[in-house]
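**Q** Build me a structure from this.
(2 chains)
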Amino acid sequence: MNIDLTSTTTRRIQEALTQARHQMGGPTIGMVLTLVIVTDESAQYDSLRAANEAAREHPCRILTVISRDPRGSSSRLDAEIRIGETGPGETVLLRMYGPLAQHADSVVVPLLVPDAPVVVWWPGQPPEDPAEDPLGALGQRRVTDCYAAQDRMETLCRLSRAYAPGDTDFAWTRLTPWRTLLAASLDQPTPSLRSAEVLGEADSPSAELLAAWLEVRLGIPAHRRVSEGPGITAVVLHSDGGELTITRPDGRVATLGRPGQPDRYVSLLRRPIAELLAEELRRLDPDEVYHEAVTRFEKEQSRRSALQAVPAETPLPAVPAAPSEEGAAAEQEQAAEPAPETRSSAPGKGRQHNRKKAGS
Amino acid sequence: MPSPAELIGIDGNPLRDPRDKRLPRVAGPSVLVLFGVTGDLSRKKLLPAIYDLANRGLLPPGFSLVGFARRDWENQDFRQLAYEAVKQNARTPFREEVWNHLSEGMHFVPGEFSDPGAFDALAMAVKELDETRGTGGNYAFYLSIPPKFFDVVVEQLQRSGLAERSESSWRRVVIEKPFGHDLASAQELNNIVHRVFPEESIFRIDHYLGKETVQNILALRFANTMFEPVWNRSHIDHVQITMAEDIGIGGRAGYYDGIGAARDVIQNHLLQLLALAAMEEPTSFSAEAVRAEKAKVLSSVRLPDDLSLTTARGQYAAGWQGGVKVRGYLEEEGIPEASTTETYAAVKLEIASRRWAGVPWYLRTGKRLSRRTTEVAMIFQRAPHLPFSQTETEELGQNALVFRVQPDEGITVRFGSKVPGTSMEVRDVNMDFAYGESFTESSPEAYERLILDVLIGDPPLFPRQEEVELSWQILDPIEEFWAGRGRPEQYKSGGYGPKSADLMMKRDGRAWRRI
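**A** Numbering: from 1, shown residues only, chains lettered A, B, ... in the order given. Next up, the predicted model:
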């Protein structure tokens, strides 16, 4: 069922929703949350498609907030209600014109499913401060995607500085298969690790987050190296007993290498947006592990920009280079490195030393 | 910064953080040896489930699957069979690259179960996989074969050295129901497997326990506060546990005749559902704690004194089911004309505990009924007093909370509501809840969950020998009673079962929920 309401009010939208539900023969599925999508006209179709797919796993009311002509002088609210067409739950597209766009929360609040969690998702440019954003403040989970921003790295840094419990970014969600595979490989007995390398595209916040996570969790330096992509192409863990490698040159299948063992293959697909969103909707509590990783990333990034300000230092990121050479060089450096325990108590210190060498 | 304790992570793995709920459990390097690969279960459930696990990235890198069967096959033929099974029955989309890597790890060893040479070849094959695919010497043996072969297969596994574990590697054996056909045979079967494998390495699959809704019974009962206070004899009038099938026995005549509905379904699925719905709160959700509570409740199950009044059985007769003309049980191919095997069974049980004393638990299962459904229905007592007149509440039944196990997994609450209008008239209404839909990639099929649990070595969802034996202790007297009572009553295909089952409820002043 599709209902169009022009120049409308939230009251009328609510009535239309109730009426539609009655005409459909009552709701057959309990809605577990409200998903607010903040987007623009050009991106709404794809976002909504992804949300509808995710809603199969998490039946929800989807409120899509589209700001139109925000500089116009007169306010107007148009609504489009879709029920029973694309999946379980209900979808409402809210188009806001003029000054009303600045007060979108006043439209969204009456339409939230009562007493159910609210998730706010910005598929496009993330807001300055998600938790302080009027719509973001409504949600207990705020999902951004720094890949949609002009300057991805700077955006993720900004999001990190503004972090509030409940914030999360798709740059982190994209990593789950990688992190799963890494955690699974360390389920096996492994000699003590010395350092790590993450290879991936130059402008990849995910690769940076993965390196930061490895540093935080393993207490060893994790070097970032640039490859052609797609996405992250390899992670190498240097240990006393040799190298543990996961390579994924094609964005589909990963090869797992361990010293003294045959290569093993495992599916490691880059994931569509719907899957990322479904994962976010699965856990609604704050993600502390993300917070730790993104904080580490942000520290490293500001240190890097500080370095760039000093002309004597070579700027980062590193130029693309043959990973094998780099790896060997990094291994040689290890002798001069302090023990991992010392490093974890003084985060960043050992890494600074490494970063400079990696870039040079 | 995480505290030092958090840095150590789970099981000494620093990358596993208890707060990190995104990371799923992944099985370690291993080989799954599948006996009976050409069977129905293997093609319809096991092979597709293995592919789905691979597709979701939950199988270990290098995971290998070895098929063993009495066919003169090469690896290629096995891969072809698996390919077709996956194409037809897998839940997740087919991805060429996932399939390629999975099928590279598929091997086939032909042979008879009694042929020592074939098992030596099998031992060679898995050792080779350890070398070439790094499977670490960890083997799980899935016996998807009739129990009469367990003896010889288990013995061969021991003789060929396949069952020998070392410090650093594990061996697990997976067996499917039926776990015997009575207490004595269950114990015998158990002894056979125990001769070679210790109890903690035996995984008995009851695929019902892998279902989301079944696990949800525990979540609903023990995570909420609104159900527990009424979960007892003060509020529950009786409980109905139903598993109805719309199909007949199909091609399973050889297995089914002589076994019957009660042994096939009540002994395992329905008594497990009873245990989960009736048990006390476990001290934790560890395998041991949950199994201990289930065993407690199963050992307090009592049979009524007069089984002639509290049990019912039937055989489906010819008729029309869902618009198709179907044969009766006795006319099915391979069934003797004088067969007394029941295709419908209903029993009334009681639980001797403070919580449940006096609350009857009605269990029923049948083939060729009107519809396929499995549910646990907690039926509440009627209100002791109604401030309405008799006519106003004529259509008000008993409140009910129903766990729908399959199909259409979810929960239904049934209660009275005023019919809109000027007169006060109260009538029953249903309220449904279904969390998500089963076709999303992340909601696993029962076999996926169970195979993964076997490879990880996580046993909470697998019944232990004690539960199997307790269940047979409940069922054996009923089977004995039926054995002396001649032929079961015929019931019409496509209906609700035999009249004697309805009478059995009527005697107690109750009625079955309509299937």
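
**Q** Excluding chain neighbours, give the residue nearest to the residue positioned nearest the centre of chain B in space.
**A** With distances taken as Cα atoms, centre = their mean, the residue of chain B nearest its centroid is residue B:208 (2.6 Å). Spatial nearest neighbour of residue B:208, chain neighbours left out: residue B:269 (4.7 Å); criterion: Cβ to Cβ, 6 or more residues apart in numbering or on different chains. For glycine as for every other residue, the C-beta is placed from the backbone atoms N, C-alpha and C.

**Q** Which residue ranges make up each domain of chain A?
**A** By the assignment in automatic domain parsing, chain A contains the domains A:2-169, A:176-270.

**Q** show me where the stretch 351-500 of chain B has strands.
**A** In the stretch 351-500 of chain B, the strands defined using DSSP state E, counting those that start in this stretch lie at B:361-366, B:373-380, B:400-406, B:410-418, B:426-433, B:489-492.

**Q** Among those strands, which comes closest to chain A?
**A** Comparison of the strands of the stretch 351-500 of chain B against chain A by Cβ to the nearest Cβ identifies strand B:426-433 as nearest, at 4.5 Å.

**Q** Give me the buried positions along the closest one.
**A** For strand B:426-433, the neighbour count (16 or more other Cβ atoms under 10 Å in any protein chain shown) marks B:426, B:432 as buried.

**Q** now the angle from that strand to strand B:400-406?
**A** The directions of strand B:426-433 and strand B:400-406 differ by 40 degrees, with axes from the mean of the first three to the mean of the last three Cα atoms, to 10 degrees as the criterion.

**Q** who touches stretch B:78-90?
**A** By Cβ atoms under 8 Å, 6 or more residues apart in numbering or on different chains, the residues outside stretch B:78-90 that reach it are B:37-38, B:42-45, B:47-48, B:51-52, B:55, B:65, B:67, B:94, B:99, B:103, B:106-108.

**Q** on that earlier part again, and for the residue nearest to residue B:208, the neighbour number?
**A** 22 (other Cβ atoms under 10 Å in any protein chain shown).

**Q** In this structure residue A:135 contacts residue A:63, no?
**A** No. Using Cβ atoms under 8 Å, residue A:135 is not in contact with residue A:63; the gap is 9.5 Å.

**Q** what touches both of the two?
**A** Residues touching both residue A:135 and residue A:63 (Cβ under 8 Å, 6+ apart): A:36, A:108.

**Q** For those two, work out which one has more neighbours and name it.
**A** A side-by-side neighbour count of residue A:135 and residue A:63, using other Cβ under 10 Å, places residue A:63 first with 27 against 22.

**Q** Need the nearest residue in space to the more buried one, chain neighbours excluded.
**A** Take residue A:63 and drop its neighbours on the chain: the residue closest to it by Cβ to Cβ, 6+ apart is residue A:36, 4.9 Å away.

**Q** Make sure the one you found is indeed in a helix.
**A** No. Counting by DSSP: H, G, I helix; E, B strand; the rest coil, residue A:36 is located in no helix; its state is strand.

**Q** count of residues packed around the nearest residue to residue A:165 once chain neighbours are set aside?
**A** What sits nearest to residue A:165 in space, not counting adjacent residues and going by Cβ to Cβ, 6+ apart, is residue A:286, at 3.6 Å. When neighbours are counted by other Cβ under 10 Å, residue A:286 registers 17.

**Q** How about residue A:110?
**A** 11.

**Q** what stretches of the stretch 201-350 of chain A score poorly on pLDDT?
**A** A:310-350 (pLDDT under 70).

**Q** All the helices of the stretch 201-350 of chain A, in order from the start?
**A** A:205-218, A:273-282, A:288-309, A:323-334, A:340-345, A:349-359 (DSSP state H, counting those that start in this stretch).

**Q** For chain B, spot the helix or strand the model is least confident about on average.
**A** helix B:4-8 (a mean of 45; mean pLDDT, DSSP states H and E).

**Q** Pairing partners for the next helix or strand after that one, with directions?
**A** Following helix B:4-8 in sequence order, the next helix or strand is strand B:31-35 (DSSP states H and E). Strand B:31-35 pairs in its sheet with strand B:64-69 (parallel), strand B:139-143 (parallel), by DSSP bridges.

**Q** next SSE after the first one?
**A** In other words, strand B:64-69. helix B:75-89.

**Q** what ranges do the strands span in the stretch 101-250 of chain A?
**A** Assigned by DSSP E, counting those that start in this stretch, the strands in the stretch 101-250 of chain A fall at A:118-121, A:141-144, A:167-169, A:193-200, A:222-226, A:232-239, A:242-247.

**Q** Rebuild the ones you listed as JSON lines, extending it with mean neighbour count and distance to chain B.
**A** Formatted as JSON lines, the strands of the stretch 101-250 of chain A follow (neighbours: other Cβ atoms under 10 Å in any protein chain shown; distance: least, Cβ to the nearest Cβ, whole Å):
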{"stretch": "strand A:118-121", "mean neighbour count": "26", "distance to chain B": "15"}
{"stretch": "strand A:141-144", "mean neighbour count": "26", "distance to chain B": "13"}
{"stretch": "strand A:167-169", "mean neighbour count": "26", "distance to chain B": "10"}
{"stretch": "strand A:193-200", "mean neighbour count": "24", "distance to chain B": "9"}
{"stretch": "strand A:222-226", "mean neighbour count": "24", "distance to chain B": "12"}
{"stretch": "strand A:232-239", "mean neighbour count": "23", "distance to chain B": "10"}
{"stretch": "strand A:242-247", "mean neighbour count": "19", "distance to chain B": "9"}
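
**Q** Thank you, goodbye.
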